[in-house]
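Asker: all I have is the shape, not the residue letters:
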């Protein structure tokens, strides 16, 4: 609705500009002439044209927008081939880094080294900077100070949902794998996490926990050198949580792993090293 209204208003704004400038042969110029000469029939006719064009412009834009999600599955193989293939698990490092946004520092003087293929679990409370750390390691957020060696091809689960809402779980996962031709593989992967009935309905109709598992499957399915997962087990009950951990271990494929979690038991479950942003200002993980 918003997109349709914006397109309609844009059309009307253009006609209003023509009314002011009155370029020869434009709709605005015709309306102005009809107003000056008191041609009421012409004025009403041109007004009807503006309304019709405004509606058609908005409808056409929304039509293209609704179908753009499906079209991306056709482009996915080309986009996947354009992305450089990872040469191995990532080596991640922070050297005397201050994490933050702009000039606002969340965590200062942080040093961290994570060797290729190792796992790290960050178990701090909310607000400690876990999301900022993950975004920095993914290369999405520059540090306030210090040097960062980020992942080159990170596979990320963000704290907020970033699914294509009108597409099903299978299509969301197939998109990062290389497009519609890999839907059978995406379906087989998702069956390890979700019931069959959840796989083809639009993800906007799934529960929070089901959507979270789709996001985890999508990150695991993508080719990359590191898995950076921000609260991947949130909104999951105990059984689903353990199932998701087993899924991650089975499909990790030796990639470097960094997980932000509130459950300290995940450290042992994932075979990870625990790291606390609230601990010493400098820490090295072998």
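Answerer: Received, thanks. Predicted, not measured: the structure shown is a model, and the values here were computed from it. Numbering: from 1, shown residues only.
Asker: what about residue 245, neighbour count?
Answerer: Neighbour count of residue 245, defined by other C-beta atoms under 10 Å: 21. Bear in mind the C-beta positions are built from the backbone N, C-alpha and C, glycine included.
Asker: could you find the closest non-adjacent residue to it?
Answerer: Closest residue in space to residue 245, ignoring its immediate chain neighbours: residue 269 at 4.9 Å, by C-beta to C-beta, 6 or more residues apart in numbering.
Asker: any idea how many residues pack against the one you found?
Answerer: Residues lying near residue 269 (other C-beta under 10 Å) number 19.
Asker: that one and residue 244 touch, don't they?
Answerer: No - using C-beta atoms under 8 Å, residue 269 is not in contact with residue 244; the gap is 10.1 Å.
Asker: measure the residue nearest to residue 245 to residue 153 for me?
Answerer: Going from residue 269 to residue 153 by C-beta to C-beta, to the nearest Å gives 25 Å.
Asker: on that earlier part again, now the residue nearest to residue 245: how far from residue 99?
Answerer: Distance of residue 269 to residue 99, given as C-beta to C-beta: 26 Å.
Asker: again, but for residue 198
Answerer: Here residue 198 is placed at a distance of 36 Å from residue 99 (C-beta to C-beta).
Asker: and those two? Which one has more around it.
Answerer: Each of residue 198 and residue 99 has its neighbours counted (other C-beta under 10 Å); residue 99 has more, 25 against 21.
Asker: the more buried one in helix, strand or coil?
Answerer: What DSSP: H, G, I helix; E, B strand; the rest coil gives for residue 99 is strand.
Asker: so who does it touch?
Answerer: By C-beta atoms under 8 Å, 6 or more residues apart in numbering, residue 99 lies in contact with 105-108, 110, 129, 132-133, 136, 143-144.
Asker: just checking, next helix/strand downstream of the lowest-mean-pLDDT helix or strand in the chain?
Answerer: Least confident helix or strand, the chain: helix 2-21 with a mean of 70, by mean pLDDT, DSSP states H and E. Next along the chain after helix 2-21, taking DSSP states H and E as the criterion, comes helix 27-36.
Asker: other SSEs contacting that following helix?
Answerer: In this structure, helix 27-36 packs against helix 2-21, helix 40-82, with contacts taken as 3 or more C-beta pairs under 8 Å, 6 or more residues apart in numbering; DSSP states H and E.
Asker: measure residue 266 to residue 274 for me?
Answerer: Residue 266 is 9 Å from residue 274, where distance means C-beta to C-beta.
Asker: could you do residue 48 as well?
Answerer: Look at residue 48 and residue 274: by C-beta to C-beta, they are 69 Å apart.
Asker: who's more crowded, these two?
Answerer: Using other C-beta under 10 Å as the criterion, residue 48 and residue 274 rank with residue 274 on top: 14 against 10.
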